[in-house]
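Chemist: Provide a 3D model corresponding to the input given below.
(2 chains)
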Amino acid sequence: MRHRHILLLGLGLAFLSLPALAQDSEEISPPRAGLKQDAVPGVMQKAVDDFIRPGYRDLAEGTEALAEAAHMLCEKPSDETLGDVQMSFDEVVQQWSTIEIVRVGPVIEGNRFERFLFFPDRKSTGLKQVQRILATNDETATSADTLKGKSVAAQGLGALEYVLYGTGAEVLPSETNGFRCRYGAAIADNLKSVAAELHAEWEKPDGVQAAWKNPGPANPLYRDGKEAATELLGILVHGVESIRDQRLRPFYAGIIKGAPDKGHPKMAIYWRSGNTMPALSANFTALQTLFNAADMQALLPKEDQSVVSAVNYVLQAIVDDADQIDLPIDEAIADDEQRGRLNRILQNTNDVLQRLNLDFGAAIGLGAGFSFADGD
Amino acid sequence: MAYRNIPTSQILTDRRTFLTMAGAAWAAALAPEAAFALARTDAIYASAFMAPDGSYGVATLTEAGEIIERVPLPARAHGMTWSPVTNRAVAFARRPGTYAMIFAPDDSVEPVVITSIEGRHFYGHGCFSADGRLLYATENDFANNRGMIGVYDGTNNFARIGEFPSYGIGPHDMTLAQDGKMLVVANGGIETHPDFGRTKLNLDHMEPSLALIDTANGALIERHAMPDNLRQLSTRHVDIDADGKVWFACQYEGARNDLPPLAGSFSRGEDIRFVDLPEETTLALANYVGAIAVNRREGLIGLTSPKGGTAVTIDAKTGKVVRQDSLADAAGIAPSAHGFVASSYSGQFGETQSRVAWDQHIVGIGKL
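Modeler: Down below sits the predicted model:
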């Protein structure tokens, strides 16, 4: 394989021109301004420094606290130390649900994403593995070193949630150094280890953060501002799609043929710990935070600035509705008022997807099909 | 995907008769300007698109890019194929989509929509058997992380009647050899799972390959893996030239400032050979070739890159670049009377600009 010589990139390429375009009178696209290339590095820098790096730093700190609390529970089991672990777990769910919208970069290398969170677990294959570990007191699951060689489904947030809230969890506040607690502590150690790796990767001055901040010919990730802006907007667009398709619809699909979906509450993420809606709220809050912290508005021409307030308005409405759904998820689906909020979240999710994908993408000069060329 | 099947002379005669009759009825039903465009075009194409309101469809077009007719689709489509024998076209849902719509471009029959079976999704491509009776589709058996080829019966409302492996991960484009006895499948080598949307799950241990499969029994004839130093070179699209040689195009998942080979060819029983493109062409293709087509009559290979905004024409015999055009958001490419016709996400198709986003592929559907 050859490698690019930077000097050559300044040379003009001898493109042949295409014939002049005929214009179908009913089918003409209005010309759009091109991408504001000079604004891209600043936006990417803010995305990295004001959202991504703080996100992984918080996750590293949160998982460290969780691991510490989990070991304390094993050594000194009590309702209080269990409560500390559960509180730390809730905190880590919030931190992960914030930064998990970034599904590019180091997190998708080495199965880190799945090691941190394996979801959905459609056929309960992960649950069965966790239950088998608990039923057989598999000691190789009580050390992060050996646990990481097991199925990704047995070493992440889902597994820890079952340890803390699933069948048999009542032994935790009374059993000193019991198997269940030590398995939970090993999972917490594993989460701490993955989060520390992610934090370290994004803190390397000449690593992924440098590539994000300086699109250019020699850059290993983005050859120009358009590629970088496409990736950033892709996080938002694919983030909304993922939350809708992998987090919302599996447990409540909305109105189908005029009637509300009866729902599958046990398909909801974190239902055992009551974190379903707090996690969804954190997901949408994260999208809004990234959108604003990165100052993506700076990419827009003056005449299209209204897209920003529209996106913010809809994302905020989703977060507000999510925060108001406070019943356990099975009860929320059965409750008229709370189900109405779920319906509205689904509608608004589709709305914000259109605004980001079509309106924002087109306005910053990426074209309506900005996300077309992502691997097909 | 380009026009690939060569029918027998008998079938051709029947087809001409059939198509002339069907085409006359179709033209009579069209709006006057569409009927006029249809009457003067030498070739008809089809391509999937996204409309400005975010809805999806497939359109038939003249070689100049004038839209003849649009058909709505339930979700975004990607690749297309066409059988000249039965005059059926197919639009496949983009991965991880679960539908494919089979329709007659002249509206002579009601469209048929098929959905992927439990545990599978379509990858966006497929092709017909030589007699047009069977439809093959690339599919993902995602629980087992293996590529499959689903087989559908065109004589029974496209019921799924069987399957065989694609002999790789992430099968994408697929085409049929001219004798109809062999399928050529591009296994992109990238693991995806619908639970993770379009996220690529194994970029650090990809397994791209090209597989030749016997249509008689689904058996592997031969398989070509990418060399060890090019394991991140995803083989995505294929076509076949007049000599039966397979041409393939790639998308590179490694460092953006590498300069990997992006296209190549091989004949059955031979090793793959990459096209040695000039550096300026490799740069212009931006490590991402989105579509490939062969103009068999002229011995030309066409490549498009949406990321690089480029369309390239290569001489199949010499491997030399004979033309390189700048085309922003370049999408599909298909053979035309002279060279190729290309489209773009921003609405260009040949010489016409339309207010739609053309999807990644164009299929030639003859001349009615």
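Chemist: Give me the pLDDT for A:Asn350.
Modeler: If you check A:Asn350, the pLDDT there is 93.
Chemist: Next, work out how far apart the residue of the stretch 251-368 of chain B found nearest chain A and A:Lys302 are.
Modeler: Using C-beta to the nearest C-beta, B:Tyr345 is the residue of the stretch 251-368 of chain B that sits closest to chain A, at 3.1 Å. Just so you know, the C-beta spots here come from the backbone N, C-alpha and C atoms, and that holds for glycine as well. For B:Tyr345, the distance to A:Lys302 equals 25 Å [C-beta to C-beta, to the nearest Å].
Chemist: The two - which one has more neighbours?
Modeler: Between B:Tyr345 and A:Lys302, counting by other C-beta atoms under 10 Å in any protein chain shown, B:Tyr345 is the more crowded of the two (28 against 6).
Chemist: Measure how buried residue 200 is and give me the count.
Modeler: Using chain A here. 13.
Chemist: wrong chain, I was asking about chain B
Modeler: So B:Lys200, with other C-beta under 10 Å, has 20 neighbours.
Chemist: Now it. Nearest residue, chain neighbours left out?
Modeler: B:Ile190 (4.9 Å; C-beta to C-beta, 6 or more residues apart in numbering or on different chains).
Chemist: Could you tell me the model confidence score at the one you found?
Modeler: Model confidence at B:Ile190 (pLDDT) stands at 89.
Chemist: and if you look at A:Ser25?
Modeler: pLDDT, A:Ser25: 38.
Chemist: Now do the contacts for A:Pro328.
Modeler: Residues in contact with A:Pro328, defined by C-beta atoms under 8 Å, 6 or more residues apart in numbering or on different chains, are A:Pro265, A:Trp271, A:Gly274.
Chemist: Would you confirm that the first one contacts A:Trp271?
Modeler: Yes. With contact defined as C-beta atoms under 8 Å, A:Pro265 reaches A:Trp271; the gap is 6.1 Å.
Chemist: overlap in contacts of the two?
Modeler: A:Phe251, A:Pro328, A:Ile329, A:Asp330.
Chemist: Export those residues to a markdown table and append columns for pLDDT.
Modeler: A markdown table is the format used below for these (pLDDT from 0 to 100):
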| residue | pLDDT |
| --- | --- |
| A:Phe251 | 95 |
| A:Pro328 | 95 |
| A:Ile329 | 95 |
| A:Asp330 | 95 |
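Chemist: Neighbour-wise, which one of these leads?
Modeler: A:Ile329 (25 neighbours).
Chemist: Can you pull the residues of the stretch 151-300 of chain A lying near chain B?
Modeler: A:217-223, A:227, A:238, A:241-242, A:245-246 (C-beta under 8 Å from any C-beta of the partner chain).
Chemist: and which of the residues you listed is nearest chain B?
Modeler: A:Pro220 (4.0 Å).
Chemist: Can you report how many residues lie near the closest residue to that closest one other than its chain neighbours?
Modeler: Spatial nearest neighbour of A:Pro220, excluding adjacent residues (C-beta to C-beta, 6+ apart): B:Ala255 at 4.0 Å. Number of residues near B:Ala255 (other C-beta under 10 Å) recorded here: 17.
Chemist: Look up phi and psi at B:Ala255.
Modeler: phi -60, psi 140 (degrees, to the nearest 10).
Chemist: Any regions of chain B where pLDDT drops low?
Modeler: The model of chain B has pLDDT under 70 over residues B:1-23, B:196-199, B:368.
Chemist: Please, where are all the helices along it?
Modeler: B:9-29, B:32-40, B:279-284 (DSSP state H).
Chemist: Might you calculate how far the shortest one sits from the centre of the chain?
Modeler: Yep, that's helix B:279-284 we're talking about. 24 Å (C-alpha atoms, centre = their mean, to the nearest Å).
Chemist: Output the contacting helices and strands for that helix.
Modeler: Judged by 3 or more C-beta pairs under 8 Å, 6 or more residues apart in numbering or on different chains; DSSP states H and E, helix B:279-284 is in contact with strand B:258-259, strand B:310-315, strand B:321-326.
Chemist: need the next SSE after the worst-scoring helix or strand of chain A on mean pLDDT, C-terminal direction.
Modeler: The weakest-scoring helix or strand in chain A, judged by mean pLDDT, DSSP states H and E, is strand A:22-23 (a mean of 49). Counting by DSSP states H and E, the next helix or strand C-terminal to strand A:22-23 is helix A:40-47.
Chemist: The next helix or strand after that next one packs against which elements?
Modeler: Downstream of helix A:40-47, the first helix or strand assigned by DSSP H and E is helix A:53-75. When contacts are defined as 3+ C-beta pairs under 8 Å, 6+ apart, helix A:53-75 sits against helix A:79-99, helix A:179-203.
Chemist: Tell me which helix or strand A:Ala310 sits in.
Modeler: helix A:306-324.
Chemist: Show me what counts as buried in that helix.
Modeler: A:Val307, A:Val308, A:Val311, A:Val314, A:Leu315, A:Ala317, A:Ile318, A:Val319, A:Asp321, A:Ala322 (16 or more other C-beta atoms under 10 Å in any protein chain shown).
Chemist: Quick one: residues contacting residue 307.
Modeler: You didn't say which chain, so I picked chain A. A:Leu300, A:Arg355, A:Asp359, A:Phe360, A:Ala363.
Chemist: wrong one, I was asking about chain B
Modeler: A:Glu227, A:Ala373, B:Ala286, B:Asn287, B:Tyr288, B:Gly290.
Chemist: And for the fifth one, nearest residue in space, chain neighbours not counted?
Modeler: Okay, so that is B:Tyr288. B:Lys307 (4.2 Å).
Chemist: Repeat that for the first one.
Modeler: For A:Glu227, the nearest residue in space outside its immediate sequence neighbours is A:Pro215; the separation is 6.4 Å by C-beta to C-beta, 6+ apart.
Chemist: same deal with A:Pro106?
Modeler: A:Glu201 (4.0 Å).
Chemist: again, but for B:Ile44
Modeler: Closest to B:Ile44 by C-beta to C-beta, 6+ apart is B:Ile365, at 5.1 Å.
Chemist: Ok, B:Asp359 next?
Modeler: B:Ala48 is the one closest to B:Asp359 (C-beta to C-beta, 6+ apart), at 4.0 Å.
Chemist: try A:Asp351
Modeler: Here the residue nearest A:Asp351, using C-beta to C-beta, 6+ apart, is A:Val314, at 5.4 Å.
Chemist: And the one you found, what's its pLDDT?
Modeler: So A:Val314 comes in at 97 (pLDDT).
Chemist: And it, how close does it get to chain B?
Modeler: 15 Å (C-beta to the nearest C-beta, to the nearest Å).
Chemist: Name whatever forms a beta bridge with the residue nearest to B:Asp359.
Modeler: Applying DSSP bridges to B:Ala48 yields these beta-bridge partners: B:Val58.
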